[in-house]
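A.B. asks: for reference, the sequence and a predicted model appear below.
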Amino acid sequence: MQKKYFDLVVVGGGQAGCAAALAGARGGLSVLLIEAAGALGGSAVNCLVTPFMPFSTKVTENGEEKTLALSQGIFSELHAAYKEDGFYGEASDTCNINEESMKLILDRKMREAGVTVLFHATLCGVAKDGRRVKSVSVATVGGVLEFEADTFIDATGDATLAAYSGVAFRLGRPADSLCQPMTLCFRLCNLDTEAVWKAHGEIQKLYKKFQDEGKIKNPRENVLIFNTRIPGILHFNTTRIVKHNPTDAFSVSEAEAMAREQVLEMYRFLKDNFDGCRNAKLMMSAASIGVRESRMIEARHVLTQEELVAGTHFPDGIAAGNYDIDIHSPDGGGTSHYYFPPGVYYTIPYRCLLPREFDNLLVAGRSVGATHEAQASIRIMPICVCMGEAAGTAAAMAKEAGVAASDVDTDALRAKLSANGAFVG
Ligand SMILES: Cc1cc2nc3c(=O)[nH]c(=O)nc-3n(C[C@H](O)[C@H](O)[C@H](O)COP(=O)(O)OP(=O)(O)OC[C@H]3O[C@@H](n4cnc5c(N)ncnc54)[C@H](O)[C@@H]3O)c2cc1C
């Protein structure tokens with residue numbers, strides 16, 4: 001008989017959801033992790049989003065300059081495992097990810113912690129009782145299943161559980177609700193990577209020229225290329241689909257098809273014009289288009305750009321960051337950046353994870369309470385992992401104290417996170 005009740009149900013097995021499930025299970029909870037895809041890892045796996053963006057700053061202690069990692073705890077544990085990567089012989093000191101290893105490592109971590117994982121299960125309904133989420137329904141190949149829990153964590157990246165529950169949210173920039181563009185990442189193989197990097201400047205020049213002449217339709221301002229762990233293969237995070245709505249399935253469907261045309265356009269451009277790409281083959285495009293920005297809940301605190309820039313350290317801070325405020329233009333070319341000076345970082349208050357309407361529902365990951373600008377910094381994977389760890393830890397503490405997740409003592413939460421190796425500022 002399928003179990004129908006868990007202490008904690010986490011919807012979404014991406015960066016935040018996996019950390020939430022691990023923290024909850026290690027805190028003594030029975031945990032169900034529900035994932036629409038067939039593997040854990042979220043955007044990193046489904047959308048080939050790589051590498052981990054920077055998560056440290058320089059600080060001076062006793063006259064000595066040191067590097068301070070702003071994302072620690074479960075992130076450090078997972079990052080160390082990904083770097084070591086004993087599975088496919090591609091150990092790397094960099095932040096590049098081997099998605100296949102990530103999937104396997106996360107499977108094992110969940111098994112060791114006793115998390116029940118349900119793949120190919122898509123959230124399709126919610127039942128409420130006053131200020132409580134009572135149960136969620138998920139569509140599976142065997143039919144619709146319903147699960148009750150004390151606490152629910154929405155780690156879908158789109159705040160889908162929150163939206164289904166009636167939680168208020170914001171979408172995109174205030175003027176026109178446009179979100180940051182979506183990107184379908186892809187990889188080319190059979191490359192002479194040294195020659196490609198040597199020609200990097202030429203690639204950018206010709207791309208711009210072709211764009212001006214109308215031969216390239218992609219509105220992105222340049223060609224964004226990353227190394228991978230595998231010789232002869234480069235990663236391209238360079239398609240750009242603007243003015244599409246990630247919460248409208250028809251709009252996302254159109255975006256996927258448009259992005260595949262941009263992949264072909266870029267492949268031909270590179271193959272036809274650069275020696276290092278003469279023998280190029282399209283190795284793969286991601287299973288899903290990547291969504292940078294989607295719903296962001298109207299949480300009990302909505303984080304702003306001003307708070308980030310001021311390096312605000314909140315009394316209930318549960319994660320920290322200093323990734324640049326990196327806004328890919330929602331309506332065309334260009335990307336704007338605000339870089340934090342060395343030593344300056346902000347924290348994310350626990351209240352950003354708490355919807356106003358419910359007491360046993362938490363949101364973790366890229367859709368917590370933040371403005372369009374603030375989300376452009378906090379969305380990176382290291383920070384999402386830390387927000388997930390905080391949410392799972394809070395769920396475990398709520399159970400122990402016999403209170404709702406919204407009533408967890410935040411001093412105690414911060415102390416617990418620190419004791420477990422997390423950095424809370
Ligand atoms: C093109 C692109 C490039 C990026 N580059 C980088 C980068 O280089 N470095 C970096 O650190 N960050 C990068 N980011 C940002 C980062 O990848 C995401 O913001 C981050 O992964 C979000 O984490 P999350 O846990 O909130 O969501 P995700 O990691 O996306 O996980 C959400 C999970 O929920 C599941 N899900 C969704 N809906 C449902 C449902 N209804 N039912 C069940 N399951 C569901 C999804 O399948 C997914 O597994 C990039 C993003 C994009 C789009």
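C.D. replies: Thanks, I have the structure now.

A.B. asks: contact partners for the residue in the stretch 301-425 of the chain positioned nearest to the ligand?
C.D. replies: Using Cβ to the nearest ligand atom, the single residue of the stretch 301-425 of the chain nearest to the ligand is G365, 2.2 Å away. Yep, even glycine has a C-beta here, placed from its N, CA and C like the rest. G365 sits next to 12, 14-17, 155-157, 384, 387-388 when contact means Cβ atoms under 8 Å, 6 or more residues apart in numbering.

A.B. asks: excluding chain neighbours, what is closest to it?
C.D. replies: Closest residue in space to G365, ignoring its immediate chain neighbours: A16 at 3.2 Å, by Cβ to Cβ, 6 or more residues apart in numbering.

A.B. asks: can you give me the buried ones in the helix or strand harbouring V138?
C.D. replies: Using DSSP states H and E, V138 sits in strand 132-140. Buried residues in strand 132-140, counted by 16 or more other Cβ atoms under 10 Å: 132-133, 135-138.

A.B. asks: near the ligand, which residues of the stretch 201-350 of the chain show up?
C.D. replies: Within the stretch 201-350 of the chain, the positions near the ligand by Cβ under 6 Å from any ligand atom are 237, 290-292.

A.B. asks: so where do the strands sit in the stretch 1-150 of the chain?
C.D. replies: For the stretch 1-150 of the chain, the strands defined by DSSP state E, counting those that start in this stretch occupy 5-11, 31-34, 56-61, 64-69, 116-118, 122-129, 132-140, 143-154.

A.B. asks: for the ligand, which of the ones you listed is the nearest?
C.D. replies: The ligand lies closest, by Cβ to the nearest ligand atom, to one member of the strands of the stretch 1-150 of the chain: strand 122-129, at 3.7 Å.

A.B. asks: ok, and what's touching the closest one?
C.D. replies: Residues from elsewhere that reach strand 122-129, judged by Cβ under 8 Å, 6+ apart: 11, 34, 36, 133-140, 144, 146, 156, 160-161, 164-166, 358.

A.B. asks: what are the buried residues along it?
C.D. replies: Those would be 122-123, 126, for strand 122-129 by 16+ other Cβ under 10 Å.

A.B. asks: ok, which of those also contact the ligand?
C.D. replies: Contacts with the ligand within the buried residues of strand 122-129, counted by Cβ under 6 Å from any ligand atom: 122-123.

A.B. asks: as JSON lines, the buried residues of strand 122-129 with distance to P231 and pLDDT would be great.
C.D. replies: Shown next, in JSON lines, are the buried residues of strand 122-129 (distance: Cβ to Cβ, whole Å; pLDDT from 0 to 100):
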{"residue": "T122", "distance to P231": "38", "pLDDT": "98"}
{"residue": "L123", "distance to P231": "40", "pLDDT": "98"}
{"residue": "V126", "distance to P231": "47", "pLDDT": "97"}
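
A.B. asks: among the buried residues of strand 122-129, which one lies nearest to M296?
C.D. replies: L123 (18.0 Å; Cβ to Cβ).

A.B. asks: could you find the closest non-adjacent residue to that closest one?
C.D. replies: Using Cβ to Cβ, 6+ apart, the closest residue to L123 is V11 (5.1 Å).

A.B. asks: list the contacts for that neighbour?
C.D. replies: 17, 34, 123, 136, 152-156, 160-161.

A.B. asks: and what of Y207?
C.D. replies: 216, 222-223, 269.

A.B. asks: scan the protein for its longest helix.
C.D. replies: If you go by DSSP state H, the chain has its longest helix at helix 249-273.

A.B. asks: go ahead and name everything in contact with that helix.
C.D. replies: Residues outside helix 249-273 that contact it (Cβ under 8 Å, 6+ apart): 182-184, 186, 188, 203, 206-207, 210, 216-218, 223, 236, 238-241, 244-246, 277-278, 280, 282, 285, 288-289, 291.

A.B. asks: same deal with stretch 403-418?
C.D. replies: Outside stretch 403-418, the residues touching it (Cβ under 8 Å, 6+ apart) are 73, 132, 151, 300, 315-318, 350, 354, 358-362, 389-390, 393-395, 397-398, 401, 424.

A.B. asks: tabulate the CA atom coordinates of that stretch in PDB.
C.D. replies: Extracted C-alpha coordinates of stretch 403-418, given in PDB (Å, rounded to 0.1, in the frame of the first residue of the first chain):
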ATOM      1  CA  VAL A 403       4.600  24.500  15.900                       C
ATOM      2  CA  ALA A 404       3.900  25.500  12.300                       C
ATOM      3  CA  ALA A 405       6.900  26.100  10.100                       C
ATOM      4  CA  SER A 406       6.100  29.800  10.100                       C
ATOM      5  CA  ASP A 407       6.500  29.900  13.900                       C
ATOM      6  CA  VAL A 408       9.900  28.400  14.100                       C
ATOM      7  CA  ASP A 409      12.300  30.400  16.300                       C
ATOM      8  CA  THR A 410      14.600  32.000  13.800                       C
ATOM      9  CA  ASP A 411      17.500  32.500  16.200                       C
ATOM     10  CA  ALA A 412      17.300  28.700  16.900                       C
ATOM     11  CA  LEU A 413      17.100  28.000  13.200                       C
ATOM     12  CA  ARG A 414      20.200  30.100  12.400                       C
ATOM     13  CA  ALA A 415      22.000  28.400  15.300                       C
ATOM     14  CA  LYS A 416      21.000  25.000  14.000                       C
ATOM     15  CA  LEU A 417      22.000  25.800  10.400                       C
ATOM     16  CA  SER A 418      25.400  27.000  11.700                       C
END
